[in-house]
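*Asks:* Structure for the following, please:
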Amino acid sequence: MVSQEQRRRQLAREKFLRQQQRRTEARRKARIRNSVIASVLGVVLVGSLALYTTGVLEKDDDKASTSAQASPSASASKAPDPCEKPAGGKVKSQTWKKEPAMTIDKSAKYTLRLATTCGEIDVALKASAAPHTVNSFDFLAGKGYFDHSKCHRLTTNGIYVLQCGDPTGTGTGGPGYTIPDENLKDKSLKDNTYPAGTVAMANTGQKNSGGSQFFLVYRDSKLPPSYTPFGTVSEAGMKVLKKIAGAGESTGAGDGAPNATVVINKATVTES
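*Replies:* Below is the predicted model:
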């Protein structure tokens, strides 16, 4: 028969063991929680640094050195896709060894029209200020290079851009040649800010490394003047961009593939 003293000691031991189990479980949960937080912060930091250094803008590139500050949960809930299904057709995989010969009239006015699954985005091109860039776009559009390609990156944290122009959809593709930086002292670039409506070239973080990838700014974005600004989005085009941005991006951390199905069905450059 167990004495009262033995019973008291047995209950004390059981209570001690339960306390130890609770403490062990609490420590385990804390480790898991901290590792998740660290991983989310790492995604935000890496996504931001990618824009400035590897090219916000070009070799996924795209988005490099941004000092992101937003909440990782900002786009965690996926909004409905506001865009239509892509038109039939396949992306071309052509590349060229050198920049195309200059064929545009630098004094003329040109418009880039992106007929996307989310709506038409018209861009008034700056031929006189960025002739190499505009000439390259005229060449590539004429070859159908952008047709059926996805806009592969949306940044909603720190900077606010949609990146397109890579037929591979990976952020690493290009036309095989590079073009020089241009118009980096454009009067619109004030206080290291690319204003909403700006269309600029992505790059690898090195000088004169632009190819085919470009980004469209849907909200004023702090960026160093290292990315050739070569066009301005129309008012109607800005509505399309904001619709795309409103659907968020896939990671929930502010830098990833857009939730909207953004495909360039057809890109054309016309002289007016």
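
*Asks:* Secondary structure element for residue 140, which one?
*Replies:* helix 131-142 (DSSP states H and E).

*Asks:* buried set for that helix?
*Replies:* Judged by neighbour count (16 or more other CB atoms under 10 Å), helix 131-142 contains these buried residues: 131, 132, 133, 134, 135, 136, 137, 138, 139, 140, 141. Where you see a C-beta, it was placed from the backbone N, CA and C, and this is true even at glycine.

*Asks:* Please apply the same query to stretch 192-211.
*Replies:* 193-194, 196-205, 209-211.

*Asks:* for stretch 174-181, same thing?
*Replies:* 174, 175, 178, 179, 181.

*Asks:* Export the residues you listed to TSV and append columns for secondary structure, pLDDT and distance to residue 95.
*Replies:* Below are those laid out as TSV (DSSP: H, G, I helix; E, B strand; the rest coil; pLDDT from 0 to 100; distance: CB to CB, whole Å):
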residue	secondary structure	pLDDT	distance to residue 95
174	coil	97	8
175	coil	98	6
178	coil	98	12
179	strand	98	14
181	coil	98	21
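
*Asks:* and which of those is nearest to residue 223?
*Replies:* residue 181 (13.6 Å; CB to CB).

*Asks:* contacting residues for the closest one?
*Replies:* 201, 203, 207, 208, 210, 226, 228 (CB atoms under 8 Å, 6 or more residues apart in numbering).

*Asks:* Was I right to think the second one contacts residue 227?
*Replies:* Looking back up the chat, that one is residue 203. Yes - contact criterion CB atoms under 8 Å: residue 203 and residue 227 qualify, at 6.3 Å.

*Asks:* Could I get the full set of helices for the protein?
*Replies:* Along the chain, counting by DSSP state H, helices occupy 4-53, 131-142, 235-246.
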